[in-house]
Each structure stands twice: as structure tokens, then as C-alpha cells.
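**Q** Mind looking at a prediction? Sequence and model below.
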Amino acid sequence: MTEEGSSIDRTRTSIARVYDYLLGGKDNYAVDRQIGDVFKRDLPGSVAIAFANRAALTRAVRTIAATTGVRQFIDLGSGLPTADNVHQVAQRHAPESRVVYVDTDPQVLVHGRALLEENDRTRVVPVDVRDPEGVRTHPDTLELIDFGRPVAVMFSAILHHVNDEEDPAGIVRHWRDQVPSGSYFFVSHFRSGDNPETAEAEKVLQETFGRGRWRSDQEIVALLDGLEILEPGMVPAPRWRPDPVDGPLNGDVERELTVWERLIVAGLARKP
């Protein structure tokens, strides 16, 4: 993956920039929009996945900051800044909250450094999420995070980009073993739907990025082995603690979900 300090390559598609494009952002290039348009044109409705995921992440951060004493967050594979970033949501409810963003995409790092200028309780760590010990021991992580106190570890739409042979369960387990009791883990993940839409979406991502693994509900739950999964469990993202604050897309619990909205699940777990 990209090393810190590398220039931004506008000829190579970036997962972070495609995601930004699908969310309506402007920090993307033609090569990213080309892939994004495949989803918009050939897989109509799939853009809802990005919005459902982002809304679930926002609700999870709000839940942790507003209802627990946890004031430390590590956002793994954070992607490009958008409306209501983790530190903004957390600090709205608990101003003393501290957030470490982790990503290796050069453009994410550029925007991350801008965050540092406006908020002294954030850091951006340019280490691959597949190197959890490298993330944990990075000087910027240690400057902000006290591992003697509970931490919220956020795996928002990142573990499905980690192939089986790269041991995603081991990554989660490493963090589980490094944080104290009372820490929280948020996971959102593409799920196998056993339908043409799932197969086509997975194919597009694998062909574009050369990686990606949709997993079954059982496989996703297994990633959180040793943790207590909180209510309502691992469920489609729009069904994870919806409320009217998120608007009709995520706040209407009676509405039937589309096939696309069912393709990403979310859950929050606590270390006993």
C-alpha cells in the first residue's frame, strides 16, 4: 500500500476517493468517478450502501461519546474527511474526546494534516491497518491514546478490504488484547447476499482494487470473538439503532430495506 509522503497518483483509483465520490464529495478524480459511475449506472441503488454505512458510524460514535465514559477513538481506515467526522461527532457530546485517524492514502493524509491545524485532539497515523502493532506504537498514537484506559476502536467499512490470508480476525484480536475492559469495537462490513447484486458489486471491487472479501453474517460475527456484541446485534446498517435524526433513509424503522441496504451490516461490541 502507499507509503507516507508519496505524491497523489491521479491515474490510479483510490478506495477512499471512490467512497468520497459516492457520498457526493469533491475530493476525487476522473479515474475514481469512472468506477463510481459503474455503481451508479449498472448497480442502481448501490450508493445507498455508502450513506447507510456513514450514518451508522455517526450513530455509533454518538452512542459511545454520549452514553459511556470512553473518550478515546481510533478510526482505522478512516478515509477522506466528510460531514460529521469522528472527532466532530465525539467532541460535540464530549469535547475532551481524542481521535486518531489511521490511513495510508496520500490524499487522506493531506486532508488529515489540515485537521491537525484546526483540532489539537486529533492525530493522523500513516500506517497500514494490517499492521496493528505499528499503529498502536506509532508516536502520534501514543501521544494521544492512553492504553491504560478504555478505547473505542472503529472498523468502519475496512475489514472487507482485508483478504482472508491477511487475517482480519487477527487484526481485531490484536486490538482486543491491547485495550482494557470497557473498550468498544464498531464494525461495519459488506455481507454476502447470495444474489446477483452482491456478486456483481464484489466483482467490480475485486477487479478494480485487486482485493475485497464479502463475508457471511457468521463470518462477520466471528471477527468479534471474545467481545460482547451489544443490542441489536450485527444487523443491516440502517437498522442499527436508527433514529429520526438521520432522516427518513435511516430513521424509518418500518420501511422495507432495499437489497443494497441489506448488503452492509453494522454492530457495536464491548470488551468485558
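**A** Received it, and whenever you're ready, just let me know what you need.
**Q** Just to check, His160 is in contact with Trp214?
**A** Yes. With contacts counted by CB atoms under 8 Å, His160 reaches Trp214, the gap being 6.4 Å. To be clear about C-beta, it is placed using only N, CA and C from the backbone, and glycine gets the same treatment.
**Q** Now Pro180: which helix or strand?
**A** Secondary structure assignment for Pro180, by DSSP states H and E: no helix or strand.
**Q** any idea what sits nearest it, other than its immediate chain neighbours?
**A** Closest residue to Pro180 apart from its sequence neighbours, by CB to CB, 6 or more residues apart in numbering: Pro150 at 5.7 Å.
**Q** Which of the helices or strands spans that neighbour?
**A** Pro150 belongs to no helix or strand, assigned by DSSP H and E.
**Q** cool, and Lys26?
**A** Using DSSP H and E, Lys26 falls within no helix or strand.
**Q** and it, what is it in contact with?
**A** Asp20 (CB atoms under 8 Å, 6 or more residues apart in numbering).
**Q** for the one 5 residues further on, same thing?
**A** For Val31, the residues meeting the contact criterion (CB under 8 Å, 6+ apart) are 10-13.
**Q** neighbour-wise, which of those leads?
**A** Within the contacts of Val31, Thr13 tops the neighbour count with 17 neighbours, counted by other CB atoms under 10 Å.
**Q** For it, grab phi and psi.
**A** phi -70, psi 140 (degrees, to the nearest 10).
**Q** The stretch 51-200 of the chain: helices as residue ranges?
**A** Using DSSP state H, counting those that start in this stretch, the helices of the stretch 51-200 of the chain run over residues 86-93, 106-118, 132-136, 139-144, 168-178, 196-209.
**Q** any idea which of these is most buried?
**A** helix 86-93 (a mean of 21; mean count of other CB atoms under 10 Å).
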